[in-house]
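Peer 1: A structural model of the following input is requested.
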Amino acid sequence: MNSRNPSSLLQRAISIGVNETNTSEFNNRLRVLNIFTWTCILFCTPYYLTMFLLNNYESALLFCVVQLLFSVSLVCNYNHYYRVGKFLTLISTNYSVLALSFTYGHDSGFFLYYFTSPLIIYSFFHFYQFRQTILGILLYLSSYTIVEYAHFRGIQPLVLLNQETLIILYYLNVVMAFAFLIVLTSSFSKFQNDIAFEVQIKNVELEKNQKELEKLLNEKNTLLSETHHRVKNNLAVISGLFDLQLMYDNDPHLKEVLSNAKNRIKSMSLIHESLYHESNVSKINLKNYIETLVKEVAKTHVSKASANLIFSLEEIHLDLSQAIPCGLIINEVISNCFKHAFDTTSNPTISISIRQREKIELSIKDNGKGFETECAQNQNSLGITLVEAFTKQLDGQFSYKSFDGTEFSLIFDTLT
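Peer 2: Next up is the predicted model:
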């Protein structure tokens with residue numbers, strides 16, 4: 001039943017060549033092209049009748065050839081040869097008007113169809129198809145110029161008609177060109193409205209998707225923030241257990257081991273605590289973290305030495321996978337400064353600097369007694385082993401220098 005519905009047949013006729021793999025805008029322009037081509041085919045019918053009434057069968061054959069060219073264009077669109085179909089339509093329109101103008105002369109009024117050419121061009125081509133647009137306009141202008149030049153030079157038409165027939169033909173062309181212009185205008189207007197409507201629908205969908213993404217992002221950030229908070233609390237519980245063990249155990253060596261382990265846990269806990277309070281739960285502010293971490297380490301060693309802390313820190317943000325090993329390295333080095341550097345120093349000072357050039361450069365320097373560099377790097381201690389392991393995890397390099405104290409340097413790349 002639907003296949004016999006006139007509106008269904010009309011939709012099928014103007015949707016020749018429309019393919020779901022094409023963009024909606026391309027399909028809309030293709031429909032406009034089909035409407036234009038069908039219009040050209042149908043508009044030849046009144047000329048048939050006129051030529052038959054005038055017993056001019058040769059001219060009727062000419063209009064038959066024009067219809068055939070437009071029909072070939074539809075066949076090209078049906079087989080997805082879109083460029084060929086568009087080219088044939090432009091050529092057929094242009095040179096059929098040119099041929100008719102030379103056949104019946106300027107007074108026949110066929111040149112009036114050239115005034116619809118700008119609308120034809122802008123219906124067929126997108127604004128970014130600048131080259132095709134210019135070539136199409138030049139094609140029509142050159143043909144119209146030829147018609148006007150022939151009229152100016154007084155070139156006689158191929159078919160001489162009497163004045164009465166020319167007047168009939170002229171008024172027929174005026175009416176048909178005007179009707180043709182109305183059809184083109186309505187098609188082009190509908191095309192623009194369809195595009196605007198589709199853009200509006202897509203904007204609504206984009207806004208909806210954006211809101212959903214923002215909602216999901218907020219939920220993700222909330223979940224990550226709560227995860228960091230719970231991890232921090234769990235680490236705090238472990239640290240508290242170490243404190244209890246320290247209270248009930250008097251073994252100095254065990255107390256040192258537990259204190260070191262507690263500081264390492266604290267360095268990780270501070271990272272999760274920082275991320276819990278940050279709006280960006282995937283990046284940590286290294287400047288704030290280092291200041292807090294060093295001060296916390298200093299508190300645990302306040303009985304041994306009270307050092308002057310000097311910070312020179314740039315704003316650098318690291319993700320969790322780099323912040324944790326970096327924090328553990330800083331904890332080991334700072335702890336080592338308090339344990340071994342200031343036995344004979346009257347005004348202990350620790351300088352911590354970090355900056356980012358091509359790589360991140362971390363420096364920790366004290367004014368303590370210093371040590372033999374080769375001996376320090378070759379000693380088999382847990383601290384040095386951890387520094388080496390975490391530096392390898394950062395894919396970086398570290399070094400010690402002993403001159404007016406000890407300086408530790410670490411260089412590593414940030415993750416892209």
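
Peer 1: what about the strands in the stretch 201-350 of the chain?
Peer 2: 283-285, 308-313, 317-319, 349-356 (DSSP state E, counting those that start in this stretch).

Peer 1: Make JSON lines from those and add mean pLDDT and distance to D249 to it.
Peer 2: The C-beta positions use only the backbone N, C-alpha and C, and glycine is treated the same way. Formatted as JSON lines, those follow (pLDDT from 0 to 100; distance: least, CB to CB, whole Å):
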{"stretch": "strand 283-285", "mean pLDDT": "83", "distance to D249": "34"}
{"stretch": "strand 308-313", "mean pLDDT": "91", "distance to D249": "30"}
{"stretch": "strand 317-319", "mean pLDDT": "87", "distance to D249": "36"}
{"stretch": "strand 349-356", "mean pLDDT": "92", "distance to D249": "29"}
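
Peer 1: Most tightly packed of those strands?
Peer 2: Of all the strands of the stretch 201-350 of the chain, strand 283-285 carries the top mean neighbour count, a mean of 20, counting by mean count of other CB atoms under 10 Å.

Peer 1: Other residues contacting stretch 400-411?
Peer 2: 326, 329, 333, 337, 341, 359-373, 376-377, 391, 394, 396-399 (CB atoms under 8 Å, 6 or more residues apart in numbering).

Peer 1: before we move on, the earlier item: would you list the strands of the stretch 201-350 of the chain in a markdown table and tack on distance to T23?
Peer 2: Formatted as a markdown table, the strands of the stretch 201-350 of the chain follow (distance: least, CB to CB, whole Å):
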| stretch | distance to T23 |
| --- | --- |
| strand 283-285 | 39 |
| strand 308-313 | 52 |
| strand 317-319 | 39 |
| strand 349-356 | 45 |
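
Peer 1: show me the contacts for the nearest residue to N22 once chain neighbours are set aside.
Peer 2: Excluding its sequence neighbours, the residue lying closest to N22 (CB to CB, 6 or more residues apart in numbering) is L30, at 7.4 Å. Residues in contact with L30 (CB under 8 Å, 6+ apart) are 17-18, 22, 77, 82.

Peer 1: In PyMOL, select just the buried ones from those residues.
Peer 2: Listed next is the PyMOL selection for buried residues among the contacts of L30, using 16 or more other CB atoms under 10 Å:
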select buried, resi 17+18+77+82
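
Peer 1: May I ask which two of the contacts of L30 are separated the most?
Peer 2: N22 and N77 (11.5 Å; CB to CB).

Peer 1: Pull out the buried residues from the contacts of stretch 400-411.
Peer 2: 326, 329, 333, 337, 341, 360-368, 370-371, 376, 391, 394, 396, 398.
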